[in-house]
Every structure is written in structure tokens, then in C-alpha cells.
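Visitor: Following is a predicted model, sequence given first.
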Amino acid sequence: MPDWNTRLVVQVTTDGVSPPDITPIDSFTPTFATNAEALHSIERTHIGVIYTPKQITFSMSVRAIGGSVGRLTKLALDGTRFDVLLQQQEGNDWSFSSIVLSNCIITSAQPGAATVSGAPSASFSGFSLGSTVTPNGGSAITIP
């Protein structure tokens, strides 16, 4: 039975330089869409399939503590491409050793409201032009 002590780390790399990890992160959600649509004819259904390009999107919610939100907002406003690395920092019960989203662009940045108690958070979403996923105990899979 897994212990679920795994801690994930998210790093953002711009031009080969990795500043400190983007923390604390409330959530990070990558989405890989491999779309296929059935091709129909007047005579019958499901005569073939049409594949659309793979899509990789992500969303994350980051606490506005330290410089993380400022760095991500600057990347969004400048339109700078960056890489996102998710990897196991400790433990071994996560399904993947690492997920790398390459050439990411932030399409939406939404700062949260300041509150009297607790740190505000900001939400970011965007897309990636490529990805490499390494399953735990398996070989890497790359999406161009």
C-alpha cells in the first residue's frame, strides 16, 4: 500500500535558467487531449476516424508569497516561452518520475483578491507546444 508521502516540485525554466521552485502551489493540472472524431457517410456510420492535433494545456493556482506570482505574471505579459518540470522530490508512490511541458505560453493570469487573513493566490492557465512524460519504472514518451 502506498505511503502517499510524495512531494511534487514544479520548476519553471526560462532560457535554460531555473529560478527557485514555484511554491507554494495550491494546484497544478496538466491536460493532455488526444482528440479523435468518427467519420460518417450517408450510407453508414463510423467509416473512419479523423485525428486532430494533440493539445497540452495546464492550469495552476499559486500563493502570492515571495516572487513566484510576479515571475509568472512577467512571463505572461512578455509572452515569454518557458518549460515547466513536475518531478518527484521525495517518495516513490507517484505514477510518473517527471513531466516536462516545453515551450509553454501563459494565456490567462488572474490575480486573486487580497484578504484580511491568509495569503492571496493567483490562477494561471496556458498551453504547451510539447511534452515528455516519464512513467515510474517505464520509458519516456514524447509529444512533439
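Guide: Here it is on my side, so go on.
Visitor: and the closest residue to residue 69 other than its chain neighbours, what are its bridge partners?
Guide: Spatial nearest neighbour of residue 69, excluding adjacent residues (CB to CB, 6 or more residues apart in numbering): residue 122 at 4.7 Å. Backbone N, C-alpha and C define where each C-beta goes, glycine included. In this entry, residue 122 is beta-bridged to residue 62, residue 111, by DSSP bridges.
Visitor: again, but for residue 11
Guide: When assigned by DSSP bridges, residue 11 has beta-bridge partners residue 85.
Visitor: Then residue 55?
Guide: residue 33.
Visitor: What does the pLDDT read for the most far-flung residue of the chain relative to its centre?
Guide: Here the chain reaches farthest from its C-alpha mean at residue 43, the gap being 42.7 Å by CA atoms, centre = their mean. If you check residue 43, the pLDDT there is 84.
Visitor: That one: which element?
Guide: Assigned by DSSP states H and E, residue 43 falls within no helix or strand.
Visitor: quick one, what contacts it?
Guide: By CB atoms under 8 Å, 6 or more residues apart in numbering, the contact set of residue 43 is empty.
Visitor: after whichever strand or helix holds residue 57, next one along is what?
Guide: Using DSSP H and E, residue 57 sits in strand 55-63. Per DSSP H and E, strand 55-63 leads on to helix 68-78 as the next helix or strand towards the C-terminus.
Visitor: By mean pLDDT, which helix or strand of the chain comes out lowest?
Guide: One helix or strand of the chain scores below all others by mean pLDDT, DSSP states H and E: strand 7-13, with a mean of 68.
Visitor: about what we covered before: so for the strand holding residue 57, what gets flagged as buried?
Guide: Within strand 55-63, the residues that count as buried by 16 or more other CB atoms under 10 Å are 56-58, 60-63.
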